[in-house]
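J.: Based on what follows, work out the 3D shape:
(one chain, ligands or ions: 1)
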Amino acid sequence: MNRSKGRKATLAAAAAAALALAAGACSDNGGGGGGGDDDKITVGIKFDQPGIGLKTPDGTYTGFDVDVATYIAKELGHDPSDIVWKEAKSADRETLLQRGDVDFIAASYSINDERAKKVDFAGPYLLAHQDVLVRADDDSITKPADLNNKKLCSVTGSTSAQNVKTKLAPDAQLQEYGGYSECLTGLENKAVDALTTDDSILAGYAAQDEFKGKFKLGGFKMSNENYGIGVQKGSELKAEINTALEKMVEDGSWDTYVKKNFGPANYQNEPAPEIGVIVK
Ligand code: GLU
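T.: Presented below is the predicted three-dimensional model:
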């Protein structure tokens, strides 16, 4: 169910032809083309990352990725009410795209070679860095190497977990959970000593009312995480989304979204990346 614009255009043309035929026979058909559902667009986001992608208790969606995705959808011809939000957990993203369950993904999704074998990426649209979150009273982790022999939580299918195993702290006792919320609970009740993922995500957690004063970020900048918009391999959406992202930066929307979503957590973000340029 990959609704590329090309297919939409074909459908729209077919609907228009059908309408033209129908109009010859009967007069007061309200029109509406292929029906409301054709306007829908399905977008994969995170549901548990305040400031990035969050499903709130009242069922609305907030965060930088949500704003970026809404802007992209608008540029592709979809009103915000046409967007169907779907949870895209870290380990599920490539599969969701490959199966056509979503049209695109905006979910703190780092561009890397491994993933690029299976999906295509538009962007990047944000540069983040891997960091750690520890309990506020813990002074035993002051550099990445201190993570060795510590209980470290990360999420299955994330670059963060991969980086720990291959380079950052191979001797850490890595526990991979399905979602970030589970890691946070583990950090709070001391089942783990640290949670590692992007600083953009960790800043959002640390600023939550329920966690105020409990956690702190290491500030280690252990990697470059170039966030991209995932699309199906070979999809023409990639070029259209790149155009939308460029416009979003140019017209000041990117700045507005950054201030709105990262301001409350006091996250010091990098400047807007250039489309097609990956910071290694
Ligand atoms: N940006 C990293 C990744 O794509 C970590 C955040 C996440 O799991 O979404 O894996």
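
J.: Could you use CA atoms for every contact and neighbour count after this?
T.: Fine.

J.: What are the boundaries of the strands in the stretch 1-150 of the chain?
T.: 41-45, 48-49, 53-55, 61-62, 83-87, 104-105, 119-128, 130-135 (DSSP state E, counting those that start in this stretch).

J.: Residue 200 looks like it's in a strand, true?
T.: No: checked against DSSP: H, G, I helix; E, B strand; the rest coil, residue 200 lies outside a strand; its state is helix.

J.: so who does it touch?
T.: By CA atoms under 8 Å, 6 or more residues apart in numbering, the contact set of residue 200 is 52, 128-129, 262, 267, 269.

J.: Report the mean per-residue pLDDT for stretch 187-206.
T.: For stretch 187-206, the mean pLDDT works out to 97.

J.: One more: stretch 113-125?
T.: Stretch 113-125 carries an average pLDDT of 98.

J.: now the strands of the stretch 1-150 of the chain as CSV including distance to residue 194 and mean neighbour count?
T.: Output for these, formatted as CSV (distance: least, CA to CA, whole Å; neighbours: other CA atoms under 10 Å):
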stretch, distance to residue 194, mean neighbour count
strand 41-45, 24, 25
strand 48-49, 17, 22
strand 53-55, 22, 22
strand 61-62, 26, 19
strand 83-87, 25, 17
strand 104-105, 28, 30
strand 119-128, 19, 24
strand 130-135, 5, 25
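
J.: now these in CSV, with distance to the ligand?
T.: Shown next, in CSV, are the strands of the stretch 1-150 of the chain (distance: least, CA to the nearest ligand atom, whole Å):
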stretch, distance to the ligand
strand 41-45, 9
strand 48-49, 9
strand 53-55, 10
strand 61-62, 16
strand 83-87, 11
strand 104-105, 11
strand 119-128, 8
strand 130-135, 8
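
J.: how about those strands, which one is nearest residue 220?
T.: Set against residue 220 and scored by CA to CA, those come closest in strand 130-135, at 5.4 Å.

J.: re the thing from before, so which of the strands of the stretch 1-150 of the chain gets nearest residue 152?
T.: Per CA to CA, nearest to residue 152 of those: strand 130-135, 9.1 Å.

J.: Packing partners of that closest one?
T.: helix 180-188, strand 194-198, helix 199-206, strand 215-217 (3 or more CA pairs under 8 Å, 6 or more residues apart in numbering; DSSP states H and E).

J.: List the neighbouring strands of the shortest one plus their orientation.
T.: Strand 215-217 pairs in its sheet with strand 130-135 (antiparallel), by DSSP bridges.

J.: The partner strand versus strand 194-198: what angle between them?
T.: Using axes from the mean of the first three to the mean of the last three CA atoms, to 10 degrees, the direction of strand 130-135 lies 150 degrees away from that of strand 194-198.

J.: Please enumerate residues in contact with strand 130-135?
T.: 141, 160, 187-188, 193-199, 202, 206, 214-225.

J.: what sits opposite the closest residue to residue 107 other than its chain neighbours in the beta ladder?
T.: Distance criterion CA to CA, 6 or more residues apart in numbering; nearest residue to residue 107, sequence neighbours excluded, is residue 45 at 4.5 Å. Beta-bridge partners of residue 45, counted by DSSP bridges, are residue 87.
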